[in-house]
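> I'd like to go over a predicted model; first the sequence, then the structure.
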Amino acid sequence: MSKPSAFQPTINNKKPHAFTGRFLLLIVAYFFAGRLGFLIQYINPNVSLLWLPAGIAVAALIRYGNRMVLPIYLASVVLELSAGFSIPIALTMSLGNTLGPLLCSLVLRHLKFNRQFIRRKDVVWFTVGTMAGMMLSATGGSLTLWQRGLITEVSPVWLTWWAGDVVGSLLIAPLLLSVSLESLALLRSRSKEVLAFLAVLFAINWSIFLMPHYQLQLTFVAVAAIVWPALRFGVTGASLTALASAVFAAWATSTGHGPFTNPELRANLLILWVYMTTMALLALLITALQAESAKAAQEVKEAFERINKVASRLPGLVMQYRIRPDRSTCIPFASDAILSIFEVSQDQVAENALFLLDRVDQRDMENGKNAIREAARTKSAWQSEFRFSRLDGSVRWLYIDGLPESEEDGSMLWHCFVTDITERKQAEKDLRIAAFTFESQEGIFVTNAEWTILRVNHAFTHITGYDNRELLGHNLEHHTTKQQDHMFYDNIERSLKQHHFWQGELWSKRKNGEIYPQMITLTAITDSRGEVSNYIGSFTDISRHKDYEAEIRNLAFYDPLTQLPNRRLLLDRLQHLISRGNRSDTHSAILFIDLDNFKTLNDTRGHDAGDILLVETASRLQTCMRESDTVARLGGDEFVVVLEELSTSRDEAIQQTDRIAEKIRQLLSLPYQIMDFEHHGSSSIGVCLFQGNDITVKDLFKRADTAMYEAKTSGRNAVRFFDPAMQAVLVVRMMLESNLRLALANNQFELYYQVQVNSDGNLIGAEALLRWIHPDRGFISPADFIPLAEETGLIIPIGLWVLETACAQLKQWENNEDTRHLSLAVNVSAKQFKQADFVDTFSEIVSRHDIDPTRLKIELTESTVLDNVDATTEKMHELKKLGISFSMDDFGTGYSSLAYLQRLPLNQLKIDQSFVRDLSDDENDATIVRAIISLGTNLGLNVIAEGVETSAQRSFLIEHNCYAFQGYLFSKPVPMDGFLKLLKRPELLK
């Protein structure tokens, strides 16, 4: 199927409702356009000089095909009947009104007319076709009127009829043919310009036709105004403008206004018709010329793009390089490769390309300038290689080949081709390197497929003692030894055949008969058919390397200081011992030995003294070991002894191991003479007994290490056997630590609150206490996890969570009238308080929650406060400025200095519950409590007692001026829900 032409009517048989819509729309448009034409009467009241229905009919037939004949005929009949004609006259005249547009459309179809008016000949063909077709309609109409006696003169009526149909077609048909979504989008995109033009158009037509002094003959202005829409708004805009101007002119003339009013009606009609026709044709011609110009420009652009595509496929850059008389340069044309080669676009160098020379290596600039000057003088080609720096700092080699052309203004235009030759330069360099490498320190030889030597380098003759004349043309000899027999060489041949490569050690013979080891690499070179054409071998003399291997092995498996087996060799031996354990019933044992206070010796006497002690320890250990046993050094001051072939009885094996361990402990406790002083040392020994292969090396190390630390914990200079209970404790501790690390992230912590009351039984605050509620293990005592958190450092993030939660709770209390007066005490650990940024972090939390800081109280233990009094005092004073108060927790259990106590900015002393618990039964505790209360009162501090469980304790404290309490007498620590219940029932606190 051929591609449809622009004239081909748009018909969609799949949408009958669309045709029905067009059918009705055509009838309506035809009818109202005709009624408009009847308003503009000339010569005869039934004939109009501007008959737009003819143009509507032509456009419908061109756009939608001959199927529009019926609606056109029906529309014409209805129109003629509405004008007062009888049915026979209406039917006859409508036949001419239909056949005229049909003839026009047939003529245009034959001429392959393009309804977008993109060519001048489309305008000519449309004009000719319209004039020809409208002769038919004018003839039919005028003859019908004459025959019916409605007119007496046929000629003027025929001329007016024909002229009205022609001008109507020229005005309305192009508009209807060109209108589309694209044309409407163009008008919308330039809506402001369209509105401005309409204002100008109205002003021009008003000036021509309605101004009192229209005798000035300004009609040429309207003709000139048609240029604007023709150039800016396309066929649709230009046709619409011509139609509007024509209608305005026709209406004005018919009502006796404008320059076309003339007593002689025929002259008047002729001038008006010429005016309207000129407007229509001028609009179409200008748009056609513009379309042809745009098409020509597009063809030039496409031709340029095709040339540019061809240039872009070349392996380089095609460009023109202009050197002006003032020595400035530019690149007026360049293919797309300029982006990859020079990293600039053509637009960037279209006027100035001199800056590119700054990226050319200065070493190449002088030679390049001389070459281009000589080529310009002789008008010959110019070739040059130069280095060019890229934007990322890398350097590429470029080659330029240019041909000069002189220009009239004295400039020199070079037609150039630039290619990147970096790979070629690298290949040349690689060849030079390969040539140099061939003469390297390695012996290199090349043979053919039959192992006949073709070439050797100097190193080959130096290593083997043979010269070229003794080698070239001879087969490569195979030297058999006890290490390499014929099967060995067969394996080499098989590897070369399968993988084209073999590398390994080979024994060879020098010219003097000496056998020496080589490290050799053999490579098989294949041709295009995959068959081996050559072999290349490179080798080095590794005679010295063999001597080094023993030393390397010693360094790899033995401790360089003590010459004992190191960790690697020990692990290997232990693994071997365990793997063969199932073949023997005997027990074995591993002893972890750690020298006590070794670091002190190193720090006080230096590392030389420490090294002497380690060497002497290794010597002593070796003296008391059997030949089957192993003594090793793990590193630092840790040694390991492995005892093999102990008794098959576990009890006897334990006794044997204990005797040896005790012997080692006593031996290592003897004095050491180190340089000029005598050192007395000791050791802690951990022992793990094992049998068979039911244990791994890792578990052995872990158990022996656990036993050794148990020996250290028990006071050092001791021997301890591994007890499974030790491991169980460690496992529990490890699991607790692991769970503790997850507890904060999984929101397993909760704050409980223990009330603080005064002597009247009124609630004055609470202490926030951390509780851990594990999802599986349930409630975990703070006594179990708080020390572990302190030891692992997890107390810092946990402490931050406590402060955040406490401040959030205080903020809630502030918003409640019943809890606004309460204070909240929070314990801060020593490790958290010692953080350098504690004050800043705490201040930020208080500020972010926007709480009243006077209601927040920090409880510190004596050890925290007195560990570094100066630093602690400084931090306390900084927080005191915010309004934070401080309480010394567990007061009396430590060794508080009264001098330090006086310096600290404390607000409260808290009597430890250990003194309160036995207050009624132990006079010493009662005395201590009275002293603490008296001390606090004299220092101006509040005193609160914790652990109050009985009314007798409360009475004693009140009697001795302590009026704040905390304990089970009032409430256990409870979650916030329970705390709020206590708040609602204050009688429970009294």
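Okay, I see it.
> Distance from stretch 969-979 to the middle of the chain?
Taking Cα atoms, centre = their mean, to the nearest Å, one finds stretch 969-979 lying 52 Å from the centre of the chain it belongs to.
> For Arg363, see how far away Pro905 is.
75 Å (Cβ to Cβ, to the nearest Å). Where C-beta positions appear, they are placed from N, C-alpha and C, glycine not excepted.
> Which strands and helices lie in contact with the helix or strand hosting Ala825?
Here Ala825 sits within strand 823-827, counting by DSSP states H and E. With contacts taken as 3 or more Cβ pairs under 8 Å, 6 or more residues apart in numbering; DSSP states H and E, strand 823-827 sits against strand 749-758, strand 763-774, helix 795-814, strand 856-861, strand 885-891.
> The last one vs strand 823-827, what angle?
What separates the directions of strand 885-891 and strand 823-827 is an angle of 50 degrees, with axes from the mean of the first three to the mean of the last three Cα atoms, to 10 degrees.
> Give me the contact list for strand 885-891.
823, 825, 827, 854, 856-862, 865, 876, 879-880, 896, 901, 904-912, 932, 944 (Cβ atoms under 8 Å, 6 or more residues apart in numbering).
> Could the C-alpha coordinates of that strand be exported in PDB?
The C-alpha trace of strand 885-891 is given here as PDB (Å, rounded to 0.1, in the frame of the first residue of the first chain):
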ATOM      1  CA  SER A 885      20.500  19.900  91.600                       C
ATOM      2  CA  PHE A 886      22.800  17.100  92.900                       C
ATOM      3  CA  SER A 887      22.500  14.400  95.500                       C
ATOM      4  CA  MET A 888      25.300  12.200  96.800                       C
ATOM      5  CA  ASP A 889      24.000   8.700  96.700                       C
ATOM      6  CA  ASP A 890      24.900   5.900  99.200                       C
ATOM      7  CA  PHE A 891      26.600   8.500 101.400                       C
END
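> Pick out the residue nearest the middle of this structure.
Relative to the mean C-alpha position of the chain, the nearest C-alpha, by Cα atoms, centre = their mean, is the one of Asp392, at 21.7 Å.
> Give me the residues contacting stretch 390-408.
So stretch 390-408 is contacted by 321-322, 341, 343, 359, 361, 372, 375-376, 379-389, 412-422, 424-425 (Cβ under 8 Å, 6+ apart).
> Now, those that are in strands?
Under the assignment DSSP state E, these contribute 321-322, 382-389, 412-420 to strands.
> Show me what Ala766 bridges to in the sheet.
Counting by DSSP bridges, Ala766 forms beta bridges with Val755, Leu824.
> what's the neighbour count on it?
29 (other Cβ atoms under 10 Å).
> now do Ala230
Ala230 has 24 nearby residues by other Cβ under 10 Å.
> and it, helix, strand or coil?
helix (DSSP: H, G, I helix; E, B strand; the rest coil).
> And for it, nearest residue in space, chain neighbours not counted?
Closest residue in space to Ala230, ignoring its immediate chain neighbours: Ile286 at 3.6 Å, by Cβ to Cβ, 6 or more residues apart in numbering.
> Quick check: which element contains the one you found?
Secondary structure from DSSP H and E places Ile286 in helix 265-313.
> Ser914 too?
Ser914 is part of helix 913-917 when elements are defined by DSSP H and E.
> thinking again about what came up before, between Pro905 and Arg363, tell me which one has more neighbours.
Taking neighbours as other Cβ under 10 Å, Pro905 and Arg363 compare with Pro905 leading, 14 against 9.
> on that earlier part again, only the buried subset of the contacts of strand 885-891, as a ChimeraX command please.
Typed into ChimeraX, the line below selects the buried ones among the contacts of strand 885-891, using 16 or more other Cβ atoms under 10 Å:
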select :823,825,827,856,857,858,859,860,861,862,865,876,879,880,896,901,904,906,908,909,910,911,912,932,944
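> Give me the contacts around the host helix or strand of Leu667.
Using DSSP H and E, Leu667 falls within helix 650-669. The contact list for helix 650-669 (Cβ under 8 Å, 6+ apart) reads 586-587, 589, 591, 593, 595, 617, 620-621, 623-624, 641, 643, 646-647, 680-683, 685, 687, 689, 691, 717-719, 721.
> Which PyMOL command selects the buried ones in these?
Of the contacts of helix 650-669, the buried ones can be selected in PyMOL as follows, counting by 16+ other Cβ under 10 Å:
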select buried, resi 587+589+591+593+595+617+621+641+643+646+681+683+685+687+689+691+717+718+719+721
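> returning to what we had before: help me confirm that the residue nearest to Ala230 comes into contact with Ala238.
Yes. Assessed by Cβ atoms under 8 Å, Ile286 is found in contact with Ala238 at 6.7 Å.
> Quick one: closest of the helices and strands packed on strand 823-827 to Leu181.
With Cβ to Cβ as the criterion, Leu181 lies closest to helix 795-814 of the helices and strands packed on strand 823-827, at 62.6 Å.
> Mind giving me the packing neighbours of that closest one?
Using 3+ Cβ pairs under 8 Å, 6+ apart: helix 795-814 touches strand 749-758, strand 763-774, helix 782-792, strand 823-827, helix 830-833, helix 838-849, strand 856-861.
> picking that back up, mean pLDDT added to the helices and strands packed on strand 823-827, as JSON lines?
As requested, the helices and strands packed on strand 823-827 are exported to JSON lines (pLDDT from 0 to 100):
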{"stretch": "strand 749-758", "mean pLDDT": "93"}
{"stretch": "strand 763-774", "mean pLDDT": "93"}
{"stretch": "helix 795-814", "mean pLDDT": "93"}
{"stretch": "strand 856-861", "mean pLDDT": "90"}
{"stretch": "strand 885-891", "mean pLDDT": "85"}
